[in-house]
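Student: Structure for the following, please:
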Amino acid sequence: MSVAKVTEITSSSTKGFDDAVSQGISRADKTLKNVKGAWVKDQKVTVENGKVTEYRVTMKVSFVLKD
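Tutor: Numbering: from 1, shown residues only. Modelled structure (predicted):
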């Protein structure tokens, strides 16, 4: 039997939401071992002078705990 834990992270990108998700998962995987999935909880953008300058996602990342 395995036990999983869920943690919430926020990640950002100037390219888009998909890139923000990819960068967030990539960074989480450096610290959290056995990352198995993520759920995007929220998406936001930062706007300056009428243009989107940053895409942000808040994710719930699940990972399996070691025995």
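Student: where exactly do the helices run in the chain?
Tutor: Counting by DSSP state H, one finds helices in the chain at the ranges 17-31.
Student: Report the central residue of it.
Tutor: G24 (3.9 Å; CA atoms, centre = their mean).
Student: How about the contacts made by that residue?
Tutor: With contacts defined as CB atoms under 8 Å, 6 or more residues apart in numbering, G24 is in contact with 9-11, 38, 57, 59, 61. (Glycine included, C-beta is placed from N, CA and C.)
Student: now A28
Tutor: In this structure, A28 makes contact with 7, 9, 35, 38, 61, judged by CB under 8 Å, 6+ apart.
Student: now with 6 Å?
Tutor: For A28, the set of contacting residues under the criterion of CB atoms under 6 Å, 6 or more residues apart in numbering consists of 9, 35, 61.
Student: Kindly reformat the contacts of G24 as CSV and extend each row with distance to N49 and pLDDT.
Tutor: As requested, those are arranged in CSV below (distance: CB to CB, whole Å; pLDDT from 0 to 100):
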residue, distance to N49, pLDDT
I9, 29, 97
T10, 24, 98
S11, 24, 98
A38, 32, 97
V57, 23, 98
M59, 28, 98
V61, 33, 97
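Student: Sweet, I'm off.
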